[in-house]
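Engineer: generate a structure from the sequence data that follows.
(chains A and B)
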Amino acid sequence: MKLIHPIDVHTYRQHPAINISSLKAFSRSPAHAMVGFEEEKETTDAMNIGSLLDHKVLGTPYLWTTSPFDDYRTKEARSWRDEQEARGVTVFKQDAIETVERMVEAVREHPVAGRLLAEPGKAQVGMFGEFESCERKGLIDWLPNTTPVIVDLKKCRDASKAGFRRQIGQLRYDVQAAYYRDLYRDITGETRAWQWICVEDQAPYAVAVYQLDTESLDKGSSTWQSWIRQWMVCEDTDSWPGYNGDSIQIIQSPGWILKDETLP
Amino acid sequence: MSNQLQVATQQSQPLSAFSSENAFVSVQRMAKALASSTLVPDSYRGEANLGNCIIALELSQRIGASVMAVMQSMVPIHGKPTWSASFLIATVNSCGRFSPMRFRWVGKEGTDDWGCRAFAVEREGNLELVGALVTIAMAKAEGWYGKSGSKWKTMPEQMLQYRAAAFWCRAYAPEIALGMHTSEEIHDTQVAQQVVQPSVATTVTSSVVDVTPTPPEPKPRKKKVEPEAIAVAEPVPVPEPEPAPAPEPEPAPVEAPATPAPLPELVEETVESTLASVGATYEQLVKLATELNWWPTPEAYPTANDLTEDLKKWVIRNKRGIGRAMMKAGGAL
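Structural biologist: Prediction:
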């Protein structure tokens, strides 16, 4: 069990230990999880923007450049882009860079987020630990030296409390937070709180900082453990069931329809 | 292909005490009769425990067990209802859906690696259902082992089996446990939490607005209060939390007489057995380790026996990830 800092993302990704992103697919079904294991995830523009944001805010290593071309219709433009990609350099258009710079500025100027990131700390910390004789890993965005929190920087469309709460539920950020908190505690013996710095990717680039409550973390904790156990069983038996197996299940209308007496 | 129409039928549910007022009145009458019996356990006896009897009746109907079996096997620990592990195993064995539960052992007795998994075969589909591995190392890491009076020290084999059975039930037949834990689990985790909590309280629960490098002295934990967000703002004086009253010590649950354990099948995981389980050779592993930079100098280990103890353990821990990486690499190996 260890923390590794600094760790380059490539080394981290190559490590065969299980990570939370792979486990999240178990929230739908093992069959969905298997698709995620088997298919390489393609890097999207949104993911690239997120990486550039991490790089500019946290100082994580990232190779990128600005495109001198408006589009890639010409042979020369395509050839230049392919050459960059072959070198592992991500190409951004000027407007994307400007957007990220505004987001960075907004984060740094935010009274809480700015202070949290300004204090000494470590960016991109790799964690490797065990759970039931199986190795698991995680990558922390920001670990301040003194404030006892683990910080995750999130780019989002809606950083309001209601909006981000929905996103927590949809993308199971709660389970991710618990997974990281528990892994960090297993390795260091220290329990840290979990905070997100959320920054919107559109003007006014609003920023909010949220700390996940203990109840949600504890619930998330049992969820990731159940996913990892499911994963081990699925891998060991090479069985990846979908939703229902072979049976027909009774389904009911949503609770709000059944409770609403004004509906015909 | 059969064109027989498959229709899902809603099975008639047994009467629930809480389904209607009439049902409740009827169950209450039964509960009164039980509470007046001198043969039921203490926690169900007398007018004050009518509620417990109603719950026992409800549970017995839900899981199809006799109410006496439920009363004998449901143990309240720190106010939470729990099952005895032997009851869970007996219920799985008698439900008809699975073969009797058995245990597969790993590691060497007396070491931290010693542990077992519960398994049973689902009769429909003939699928072997293997539960999570429970080891002494896990019991230690979770704080179950170290507490004073822990049965993990005196009856490790039985505790490993009980915990493995509880994990198995939760994964494959959660409807049998109805979300309840076993008495052994609750007993272990309650105490383990008490051991772990002070550090949690220090950093999270006690509303610390802390930017100083020196952590405050651990304070006695108050009852569970949602932490305030840990801010990076100016330090604010923190009111001294009052020490929580010590919880009433619960008597340790009385173990049901131990059923003779099945003969353990001793299987120690090795690098070779791990690789065999993922269908790979040692040469393929070394090639992959080189390509993916898993080890600093893979060429230093020409055979599996040359691996350091740490690397051997690393291979065993990562066997599923290695298997998946092997599959992805496919013909390249």
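Engineer: pull the helix or strand with minimum mean pLDDT from chain A.
Structural biologist: Across the helices and strands of chain A, mean confidence by mean pLDDT, DSSP states H and E is lowest for helix A:30-38: a mean of 86.
Engineer: from the contact counts, what lies against that helix?
Structural biologist: Where contact means 3 or more Cβ pairs under 8 Å, 6 or more residues apart in numbering or on different chains; DSSP states H and E, helix A:30-38 is packed against helix A:20-24, helix A:214-237, helix B:319-329. C-betas here are computed from N, CA, C, even on glycine.
Engineer: near chain B at all, the shortest one?
Structural biologist: No: on the criterion Cβ under 8 Å from any Cβ of the partner chain, helix A:20-24 is out of touch with chain B, staying 9.2 Å away.
Engineer: now swap in the longest one and tell me
Structural biologist: Yes: for helix A:214-237 and chain B, the contact criterion (Cβ under 8 Å from any Cβ) is met by A:214, A:215, A:226, A:229, A:230, A:231, A:232, A:233, A:235, A:236, A:237.
Engineer: tell me which residues of that helix are tucked away?
Structural biologist: Residues of helix A:214-237 classed as buried: A:214, A:216-217, A:220-221, A:223-236 (neighbour count, 16 or more other Cβ atoms under 10 Å in any protein chain shown).
Engineer: with stretch A:65-80 instead?
Structural biologist: Buried residues in stretch A:65-80 (16+ other Cβ under 10 Å): A:67, A:80.
Engineer: now do it: distance from first to last residue.
Structural biologist: Chord length of stretch A:65-80, first to last residue, is 11 Å (Cα to Cα, to the nearest Å).
Engineer: so for that stretch, mean pLDDT?
Structural biologist: The average pLDDT for stretch A:65-80 rounds to 90.
Engineer: ok, the closest residue to residue B:101 other than its chain neighbours - contacts?
Structural biologist: In space, residue B:101 comes closest to residue B:120 once its chain neighbours are excluded; the distance is 4.7 Å by Cβ to Cβ, 6 or more residues apart in numbering or on different chains. By Cβ atoms under 8 Å, 6 or more residues apart in numbering or on different chains, the contact set of residue B:120 is B:92, B:98, B:99, B:100, B:101, B:102, B:128, B:129, B:168, B:172.
Engineer: excluding chain neighbours, what is closest to the third one?
Structural biologist: Sequence neighbours aside, residue B:121 is the residue nearest to residue B:99 in space, at 4.2 Å (criterion: Cβ to Cβ, 6+ apart).
Engineer: and the last one, by the same measure?
Structural biologist: Spatial nearest neighbour of residue B:172, excluding adjacent residues (Cβ to Cβ, 6+ apart): residue B:129 at 4.7 Å.
Engineer: do you know the pLDDT at that neighbour?
Structural biologist: Per-residue confidence at residue B:129 stands at 85 (pLDDT).
Engineer: I figured residue B:181 hits residue B:82, correct?
Structural biologist: Yes: proximity of residue B:181 to residue B:82 meets the contact threshold set by Cβ atoms under 8 Å, at 5.3 Å.
Engineer: the two: which is more packed in?
Structural biologist: With neighbours defined as other Cβ atoms under 10 Å in any protein chain shown, residue B:181 and residue B:82 compare such that residue B:82 has more, 23 against 20.
Engineer: can you tell me the SS state at the more buried one?
Structural biologist: Here residue B:82 is recorded as strand under DSSP: H, G, I helix; E, B strand; the rest coil.
Engineer: still on that earlier bit, distance check, the residue nearest to residue B:99 against residue B:176.
Structural biologist: Distance of residue B:121 to residue B:176, given as Cβ to Cβ, to the nearest Å: 16 Å.
Engineer: same check, this time on residue B:111
Structural biologist: According to Cβ to Cβ, residue B:111 stands 32 Å off from residue B:176.
Engineer: now swap in residue B:33 and tell me
Structural biologist: The value you get for residue B:33 to residue B:176, if Cβ to Cβ is used, is 27 Å.
Engineer: with neighbour numbers in mind, choose between the two.
Structural biologist: With neighbours defined as other Cβ under 10 Å, residue B:33 and residue B:176 compare such that residue B:176 has more, 20 against 11.
Engineer: what sits against the residue of chain B found nearest chain A?
Structural biologist: Using Cβ to the nearest Cβ, residue B:321 is the residue of chain B that sits closest to chain A, at 2.8 Å. Residues counted as contacts of residue B:321 (Cβ under 8 Å, 6+ apart) are A:15, A:16, A:17, A:18, A:135.
Engineer: so the last one touches residue B:314, yeah?
Structural biologist: Yes: in this structure residue A:135 lies within contact range of residue B:314 using Cβ under 8 Å: 7.4 Å.
Engineer: can you confirm the residue nearest to residue B:172 is in a strand?
Structural biologist: Yes: the assignment for residue B:129 by three-state DSSP puts it in a strand.
Engineer: after the least confident helix or strand of chain A comes which helix or strand?
Structural biologist: The helix or strand immediately downstream of helix A:30-38 is helix A:45-58, counting by DSSP states H and E.
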